[in-house]
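Colleague: 3D, please:
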Amino acid sequence: MKTLILFTLLFNTQAFAKDFLPGSFKADFSQEYKTSLKGKIKKSTGQIEYKYPSQIRFEVLAPDKVVFISNKKKSWYYQAPFIEGEPGELNIRKTGKNGLSRFFDILKKGLKTNKFYTVKNKSEKSELKFVKTVAKELDIKEAQLVFKSKKREFNNIKNVELVYLDGHKIKLSFKGVKTGVPLKKERFVFKTPKNTRVNQ
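Modeller: Down below sits the predicted model:
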């Protein structure tokens, strides 16, 4: 009986992993957002790596180097120095339930209305509206996923636009999406460079 229950759990986990969001992915990204003070559009580029559940590496390479890494226990936010030889800045926190990793975790539910969000599928777009409790948890009220064609698969994604509770928006455009990539747990642990100010 126990063997049957274990097999059922494993089978359901495998079936769950075949949902919209893959078990892991990596991609190049470009990010656009408006500054709150002057309303100017700011752009940055970098790489993103994700592994279910709750493991993310978000690395901005230009114009400034910033690294955000999070696993189920800890989160690191590192800002490289503007001037070579100066110290970098690292903030270490316990992982909460908000942020991009949690957003991707919830996407495991796919592109159908569920207990976390309602979905409207329009041509090459999927619009997600989060229920109040989830929106508060994520600090995100809506998300729009745009695909390269009507094929709604994660490796066909073009961009994601997130609308936060305070109204500001961030648009992430993806290139070279690779799914099912082997990502070791060490990728989601930050190694502190020398000459770094650490805040915990």
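
Colleague: what ranges do the helices span in this protein?
Modeller: Here the chain has its helices, by DSSP state H, at 2-17, 100-106, 132-138.

Colleague: Confidence-wise, which of these is weakest overall?
Modeller: Least confidently modelled of those is helix 2-17, at a mean of 34 by mean pLDDT.

Colleague: so Tyr33 touches His168, yeah?
Modeller: Yes: taking contacts as C-beta atoms under 8 Å, Tyr33 lies within contact range of His168: 6.8 Å. C-betas here are computed from N, CA, C, even on glycine.

Colleague: the more surrounded of these two?
Modeller: When neighbours are counted by other C-beta atoms under 10 Å, Tyr33 comes out ahead of the other of Tyr33 and His168, with 17 against 12.

Colleague: For the closest residue to the more buried one other than its chain neighbours, give me its contacts.
Modeller: Distances taken as C-beta to C-beta, 6 or more residues apart in numbering place Ile170 nearest to Tyr33, at 4.5 Å, with adjacent residues excluded. Ile170 sits next to 31-33, 161-162, 164 when contact means C-beta atoms under 8 Å, 6 or more residues apart in numbering.

Colleague: repeat for Pro63
Modeller: Pro63 neighbours (C-beta under 8 Å, 6+ apart): Ser44.

Colleague: From Thr45, how far off is it?
Modeller: Using C-beta to C-beta, to the nearest Å, Pro63 is found at 9 Å from Thr45.

Colleague: top of the contacts of Ile170 by neighbour count?
Modeller: Within these, most neighbours by other C-beta under 10 Å means Leu162, with 20 neighbours.
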